[in-house]
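> Test case, fold it:
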Amino acid sequence: MGDNLGRLSELPRTLLAHTPTPIEHLPNLSAYLAGASLYVKRDDCTGLAFGGNKARQLEFYLGEALFQNADTILISGAVQSNFVRSAAAAAARLGLACHIQLEERVPNTDSLYRSSGNVLLNHLLGATLHSYSQGEDEFGADQRLREIAADLMKHGRRPYVIPLAPGHPPLGAVGYVVAAREILAQLDTADYSIDGMVVASGSGHTHAGLLFGLRAMGSSISVLGVCVRRSARAQLDRVRAHCDELSSLSGLQSPVKEADIQLTDDHLAPGYGQLNATTKTAINLGAKYEALLLDPAYTGKAFAGALQLARSLDTQQALLFIHTGGTPGIFAYGSTLLEEKGD
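Residues are numbered from 1 along each chain as shown. Alright, predicted model coming up:
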């Protein structure tokens, strides 16, 4: 990393993602919308067990784990979490054991949701699965992971816990500080310019890292975070905190101002991991017009936000959608997606 990113260049890192990922134009959808031109950053193509944004984040978590000589990774997430699946894949590649704790975060799920998609991959990747009955208790989930880690230590293992709750160094966000530099380098040689970016905002690490990296490197490109987990008001606090933590981690004054943190929760209801009409429509349009596959929990909602914003802009402007992956989740929602397609 460049000198302008302070101490972030000193952090332990293990390479996992296939980068740089391409930026592609979406000409069919751009013509259909008759608004801003749409481009997509294909971070669904990062290569680690179906790819996704978590490969970039895990380079720093697992870099620290290896630096600490850990032999076991522990992580929590929703039943269809892309993060835990990616962690299991990274652990398998690096020869580490992996313990996954699945939270009951999504109500009224069917058997397909509980056995297909990321759950199936977790089993294939050799992870040990645990269950946590609560879905909105991040601190409790982390405490339970620490208890599992303590038991593993009694049996001679060297565990490393990837925390779920806020208040820890945002190592995952560092992956998207790096990605911001990558994107700016790609745009520097492109024959088009980007007026804004759109990304899913859940844990807030991708959103905060991208925004911090852009501002630290002097870019004023706007970043709209589409809320997929909590309200815009609650998410603002989380993204702001991550940016402040990145400032402390890097030793730099935060380049992110309050006005830089743009959020919408227009596509969140009825809640995390639950489909709505605009998300179904976005998923269907992406597939039909561009063969772009989007998942119901994250990228489908974020793409709905991108389509909404693109329609409000004129044809002289351009948006970059950050495709953060999540492809396996499509299969877990198969019965719901086929009920009645969005228009």
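> wait, isn't Asn28 in contact with Leu292?
No - Asn28 is not in contact with Leu292 according to Cβ atoms under 8 Å; the separation is 9.9 Å. Every C-beta, even on glycine, is put in place using the N, C-alpha and C of the backbone.
> higher neighbour count, the two?
Neighbours were counted for Asn28 and for Leu292 using other Cβ atoms under 10 Å; Leu292 has more, 23 against 15.
> Tell me the secondary structure of that one, please.
Assigned by DSSP: H, G, I helix; E, B strand; the rest coil, the conformation of Leu292 is coil.
> Quick one: residues contacting the nearest residue to it once chain neighbours are set aside.
Excluding the flanking residues, the one nearest Leu292 by Cβ to Cβ, 6 or more residues apart in numbering is Gly286, at 3.9 Å. Contacts for Gly286 were tallied using Cβ atoms under 8 Å, 6 or more residues apart in numbering; they are Leu29, Leu292, Leu293, Leu294, Gly300, Phe303.
> Apply 7 Å and report the result again.
Going by Cβ atoms under 7 Å, 6 or more residues apart in numbering, Gly286 touches Leu292, Leu294, Phe303.
> could those residues go into a markdown table alongside pLDDT?
What follows is those, written out as a markdown table (pLDDT from 0 to 100):
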| residue | pLDDT |
| --- | --- |
| Leu292 | 98 |
| Leu294 | 98 |
| Phe303 | 98 |
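> Out of the residues you listed, the closest to Leu5 would be?
Using Cβ to Cβ, Phe303 comes nearest to Leu5 of the contacts of Gly286, at 29.3 Å.
> I figured that closest one hits Lys280, correct?
No - contact criterion Cβ atoms under 7 Å: Phe303 and Lys280 do not qualify, at 11.1 Å.
> Give me the more crowded residue out of those two.
Here Phe303 and Lys280 are compared on neighbour count by other Cβ under 10 Å; more neighbours surround Phe303, at 29 against 20.
> what about the residue nearest to Leu292, which SS state?
Strictly by three-state DSSP, Gly286 counts as helix.
> same deal with Ile330?
Quick answer, by three-state DSSP: Ile330 is helix.
> Would you enumerate the residues in contact with it?
Leu293, Asp295.
> how does it look with 6 Å?
Asp295 (Cβ atoms under 6 Å, 6 or more residues apart in numbering).
> Next, work out how far apart the residue nearest to Leu292 and Lys301 are.
Per Cβ to Cβ, to the nearest Å, Gly286 is found 12 Å from Lys301.
> ditto for His205
17 Å.
> Kindly report the same for Val226.
From Val226 to Lys301 the distance is 6 Å (Cβ to Cβ).
> Tell me where the stretch 151-300 of the chain has strands.
159-162, 196-201, 222-227, 262-264 (DSSP state E, counting those that start in this stretch).
> Out of the ones you listed, which one sits most buried?
Highest mean neighbour count of the strands of the stretch 151-300 of the chain: strand 196-201, a mean of 27 (counted as mean count of other Cβ atoms under 10 Å).
> strands paired with that one, and their directions?
strand 222-227 (parallel), strand 318-323 (parallel) (DSSP bridges).
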